[in-house]
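1. Mind looking at a prediction? Sequence and model below.
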Amino acid sequence: MAPSVSAFLVALTELSSDGVEVPAEGKLLFGRKESCAIRLVGPTVSAFQCAVAWSESTGSFELTDMSSNGTFLNGRILRKSQVTPLKHGDELQMTKRWQTDLALQFRFVTRQLQLRRPEATRPQAAAAAAAAAAAEQQQFQQQQQQQPQQMQEQQQQPQQMQQQTQQQRQEQQQQQQQQQQQQPQQPQQLQPPQSHQQLPSQPMQQPPQQPQQMDQQVPQISTPQLPRHPSVHQDPPQQQPQSLQPESQQPEQQHQQQQQQ
């Protein structure tokens, strides 16, 4: 009991360097003395600051024996001879004058110190504590039972995903097979008639016939048209003999006439 209280207070304040002593009388002392529950460290803290004791008459903790150096409760200074009851949420400050504050929230301190009250030893309190412990155990067991269920659900999720993917793959394969089966049947249904099959052979025979006809027609068209256009001076050599013949014959005729005379 005492070690748990002292350890809790030390963890709360973190001001004890030499250790903590909890007297058997039920009084918690704050100061530098060896008899103090929490030994204080610092130049502005007096040798003895204050004491917290359990009062049987009032049924609460009381703050007594305050030091003249200055003890403040919830921001209000306390006189040395003043006895002040403590309640949940009270804040204790020491040596505020020297700007060295020690703040203790009694909300947690009294919760631990209530174990030292006489009512804690009664059977009713023990039964209540046992019921609370049993409830905590049940909650812990329920949490342990829920964890494997959650793990199973998490493990089942990837399996379900795999099954879905396999089903999708099978469906795709079936669709592909159906398409492959339908593809060879389509050309048989769409075969053209025989008349359409002969069409590609005819245009292949026509191109070689066309140039032959054109070659035969070219000399027939070109020869008769040349003499029909004498006005166009395209063939000067053919016109020259007609114009030159009379000129060449005239001197010969004159020469013959002269000889006859």
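-> It's in. Residues are numbered from 1 along each chain as shown.

2. use CA for all of it now, contacts and neighbours both
-> Will do.

3. pLDDT of the helix or strand that contains residue 161, averaged?
-> Element membership for residue 161, per DSSP states H and E: helix 123-189. For helix 123-189, mean pLDDT rounds to 75.

4. Kindly provide the distance from residue 143 to residue 150.
-> According to C-alpha to C-alpha, to the nearest Å, residue 143 and residue 150 sit 10 Å apart.

5. same deal with residue 173?
-> Distance, residue 173 to residue 150, using C-alpha to C-alpha: 35 Å.

6. repeat for residue 132
-> Per C-alpha to C-alpha, residue 132 is found 27 Å from residue 150.

7. Residue 74 now?
-> 49 Å.

8. give me phi/psi at residue 73?
-> phi -120, psi 120 (degrees, to the nearest 10).

9. pLDDT value on it, please?
-> 75.

10. wait, isn't residue 80 in contact with residue 63?
-> No: in this structure residue 80 lies outside contact range of residue 63 using C-alpha atoms under 8 Å: 10.1 Å.

11. More neighbours: which of the two?
-> Legend: neighbour count by other C-alpha atoms under 10 Å for residue 80 and residue 63, higher for residue 63 (20 against 16).

12. Kindly confirm my reading that that one forms part of a strand.
-> Yes: the assignment for residue 63 by DSSP: H, G, I helix; E, B strand; the rest coil puts it in a strand.

13. That one reaches residue 85, doesn't it?
-> Yes: between residue 63 and residue 85 there is a contact under C-alpha under 8 Å: 6.1 Å.

14. and residue 145, how many neighbours?
-> Neighbour count for residue 145, taken as other C-alpha under 10 Å: 11.

15. do you know how far residue 74 is from residue 86?
-> 11 Å.

16. So between those two, which is more surrounded?
-> More crowded of residue 74 and residue 86, by other C-alpha under 10 Å: residue 86, with 20 against 12.

17. Is residue 77 part of a helix or strand, or is it coil?
-> strand.

18. Show the model's pLDDT score for it.
-> Residue 77 is assigned a predicted lDDT (pLDDT) of 80.

19. go on, the one 3 residues further on?
-> Residue-level confidence at residue 80 comes out at 75, pLDDT.

20. Over to it. Which of the three states is it?
-> Counting by three-state DSSP, the backbone at residue 80 sits in coil.

21. which residue packs closest to it, ignoring adjacent ones?
-> residue 66 (4.5 Å; C-alpha to C-alpha, 6 or more residues apart in numbering).

22. So that neighbour versus residue 55, what's the distance?
-> Taking C-alpha to C-alpha, one finds residue 66 at 17 Å from residue 55.

23. Against residue 58, how distant is residue 79?
-> In this view, residue 79 and residue 58 are 20 Å apart by C-alpha to C-alpha.

24. more neighbours, those two?
-> Shown here are residue 79 and residue 58; by other C-alpha under 10 Å, residue 79 has more neighbours (16 against 9).

25. Quick check: phi and psi at that one.
-> phi -80, psi 160.

26. So it is in contact with residue 72, correct?
-> No: using C-alpha under 8 Å, residue 79 makes no contact with residue 72, being 9.2 Å away.

27. still on that earlier bit, just checking, the residue nearest to residue 80 touches residue 73?
-> No: look at residue 66 against residue 73 with C-alpha under 8 Å: they stay out of range, at 10.8 Å.

28. Please identify which of these two sits among more neighbours.
-> Neighbour count, other C-alpha under 10 Å: between residue 66 and residue 73, residue 66 has more, with 23 against 17.
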